[in-house]
Each structure stands twice: as C-alpha cells, then as structure tokens.
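Colleague: Turn this into a model:
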Amino acid sequence: MTDQAWQKQRIGSPMAVDVTALEPTRAGDTVVAREMAALWPNLFGPDVYVPLKIGIDKILAIDAQRRGSALTRAKIRLFLGWHVRRAPYLEAVQQGGPRHSINGAAENARTVTMANAAYAQEKLQALLKRNDAPSADDLDGEEGMTWWNGLDRRERAKWMKAAGDTGVAADAWNSFKIALGSLTENAGRG
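Modeller: Coordinates of the predicted model:
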C-alpha cells in the first residue's frame, strides 16, 4: 500500500474512526512501551535492540508481576509482536550472537542460529525493498504500514475487528496503538 493510498484510505473512508487525538502517538511511545523500557532498559531502552531469548514473554510476565507492574503476558506479547518486526531488531538478529533475557545475555539460551539470521535478513530485505515507503514527514504512517505489512491474515482480522471492521488499515493501526496505550486488557478491543 502506498503512502498516498494509506492516507486516502485513512482520511477518505466514510466509516473511518475519528482518531485525530491519537495521530501524534507512536507505538514506541505508549504506556506499554514505556513500561517495558522502564522495567528492562537493557532489552527495550532507547535504541536498544538485541536478539531476545525464545519464550521471553513468560519470563517477562513473571518478572513484571514480581515487580508489581500491571503489565500482563498478553500486553507483553502484543508489544513483542511489534518490536521483533522492526528493522533495528531484525538487524540485530541478522548479526547473530547470544540471545538476551532480563539479566542480559541469557545463560543456557541458544544463540541466534544461521536459520534465524537468514530469516531476519529476508524480512529485513523485504522491509527495505518496499518502494511505497511514505515521506519522512509521516513517520507514524510508515510505522503503521510496516506493522500492517508484517501481520499475518489472522492478526490483520483481529486488529481490523478491534477497529470496528472499517476496512481501513490505519484504523487497525490506531486500535493497536490504543491497546499499547493501556496496561489493561480491554483497551483497543472494539
């Protein structure tokens, strides 16, 4: 989807949800993202992208609960689904090395395999080859398109339903950001 189509669909849809208050909000600057960075700055701090231990969502959920955070495993998984599709994370996996957990490089954790690195390289190349990237002025639109293009059919249906089945990818993106904007489970579920 091109930037123009994304914007036209978002703005021109008669059924589009009024989300003007959310437009300045980026997925990386939501309540969930800030909580993740505050609890685990070595994993999710500003400009920190390291390969994560497989199954880290369970470890993070237990640690969040132990530390008194309202983060749930579902919210952690939601955030991780977005985080691991980002170009900087894919670059980190592509470079290989140890996978990390809450205390840094995970002991007894597998390192990034050649298959993992090749998969990350394939996904990264697909992101970089896109010739429909929006202008630099619309970072949220670019992030939204990258997020949407990385979803599978089931995830797209889930987020489209949360957006009220408008058929507008930008509305699904905003529903995702609403869900990341709250630590409670029902946020963003239309």
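Colleague: Which parts of this structure are helices?
Modeller: Ranges of helices in the chain, per DSSP state H, are 3-12, 31-39, 41-44, 56-66, 73-83, 87-95, 114-129, 139-150, 153-162, 169-180.
Colleague: Measure how far stretch 100-119 is from the centre of its chain, please.
Modeller: Its chain's average C-alpha position is 19 Å from that of stretch 100-119, according to C-alpha atoms, centre = their mean, to the nearest Å.
Colleague: Over to it now: how far is its first residue from its last?
Modeller: 18 Å (C-alpha to C-alpha, to the nearest Å).
Colleague: rewinding a little: quick one: which of the helices of the chain is nearest Gly104?
Modeller: helix 41-44 (5.9 Å; C-beta to C-beta). C-beta here means a position set from N, CA and C on the backbone, and glycine is covered the same way.
Colleague: can you pull the buried residues of stretch 65-72?
Modeller: Of all the residues in stretch 65-72, those buried under the rule 16 or more other C-beta atoms under 10 Å are 69, 71-72.
Colleague: Spatially central, which residue of this protein would that be?
Modeller: Trp82 (1.5 Å; C-alpha atoms, centre = their mean).
Colleague: distance of that one from Trp159?
Modeller: 11 Å (C-beta to C-beta, to the nearest Å).
Colleague: can you put the buried residues of stretch 65-72 in CSV and add pLDDT and distance to Asp57?
Modeller: Formatted as CSV, the buried residues of stretch 65-72 follow (pLDDT from 0 to 100; distance: C-beta to C-beta, whole Å):
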residue, pLDDT, distance to Asp57
Ser69, 93, 14
Leu71, 91, 11
Thr72, 91, 10
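Colleague: Could you list the low-pLDDT ranges of this protein?
Modeller: 1-28, 106-109, 130-140, 183-190 (pLDDT under 70).
Colleague: at 80 what do you get?
Modeller: Across the chain, the ranges flagged by pLDDT under 80 are 1-29, 104-110, 127-146, 149-150, 180-190.
Colleague: what would the helices of the chain look like in JSON lines with distance to Asn103?
Modeller: Listed next are those as JSON lines, based on distance: least, C-beta to C-beta, whole Å:
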{"stretch": "helix 3-12", "distance to Asn103": "40"}
{"stretch": "helix 31-39", "distance to Asn103": "12"}
{"stretch": "helix 41-44", "distance to Asn103": "8"}
{"stretch": "helix 56-66", "distance to Asn103": "10"}
{"stretch": "helix 73-83", "distance to Asn103": "17"}
{"stretch": "helix 87-95", "distance to Asn103": "18"}
{"stretch": "helix 114-129", "distance to Asn103": "21"}
{"stretch": "helix 139-150", "distance to Asn103": "29"}
{"stretch": "helix 153-162", "distance to Asn103": "30"}
{"stretch": "helix 169-180", "distance to Asn103": "25"}
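Colleague: and among those helices, the most buried is which?
Modeller: helix 169-180 (a mean of 25; mean count of other C-beta atoms under 10 Å).
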